[in-house]
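Asker: Model the following, please.
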Amino acid sequence: MAKIKNKEQYDWVVSRVEFLLPLVKEDAPLSDPSRIELELLSELAAEYSDENYSLGDPSLKDVLKLRMYELDVTRDLS
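Answerer: Predicted structure coming up:
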């Protein structure tokens with residue numbers, strides 16, 4: 001399978017995915033050309049994004065802070 005080689009290609013793929021998204025319905029047949037294109041381009045974009053824009057794994061501290069925020073929990077220092 002081909003790979004995205006640079007940011008310009010990535011930007012084009014992302015714009016094409018955004019164009020195809022509203023056209024492809026969930027119940028579209030697996031043989032639908034737009035669905036096939038959308039799935040292939042989405043995989044390419046995801047792979048490039050993971051390799052070039054990955055933030056890494058969050059620290060335990062970050063996970064706990066996010067969870068506390070989600071639960072509206074504050075630390076009482078009194």
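Asker: Please work out which residues outside the helix ranked longest in the chain touch it.
Answerer: Selection of the longest helix in the chain by residue count, based on DSSP state H, yields helix 33-53. With contacts defined as CB atoms under 8 Å, 6 or more residues apart in numbering, helix 33-53 is touched by 1-4, 10, 13-14, 16-17, 20-21, 23-24, 28-30. Where you see a C-beta, it was placed from the backbone N, CA and C, and this is true even at glycine.
Asker: ok, 7 Å please
Answerer: Ile4, Tyr10, Val13, Val14, Arg16, Val17, Leu20, Leu23, Val24, Ala28 (CB atoms under 7 Å, 6 or more residues apart in numbering).
Asker: Likewise for stretch 11-19?
Answerer: Contacts for stretch 11-19 (CB under 7 Å, 6+ apart): Ile4, Leu38, Leu41, Ser42, Leu44, Ala45.
Asker: in that stretch, what's buried?
Answerer: The neighbour-count check on stretch 11-19 (16 or more other CB atoms under 10 Å) flags Val13, Val14, Arg16, Val17 as buried.
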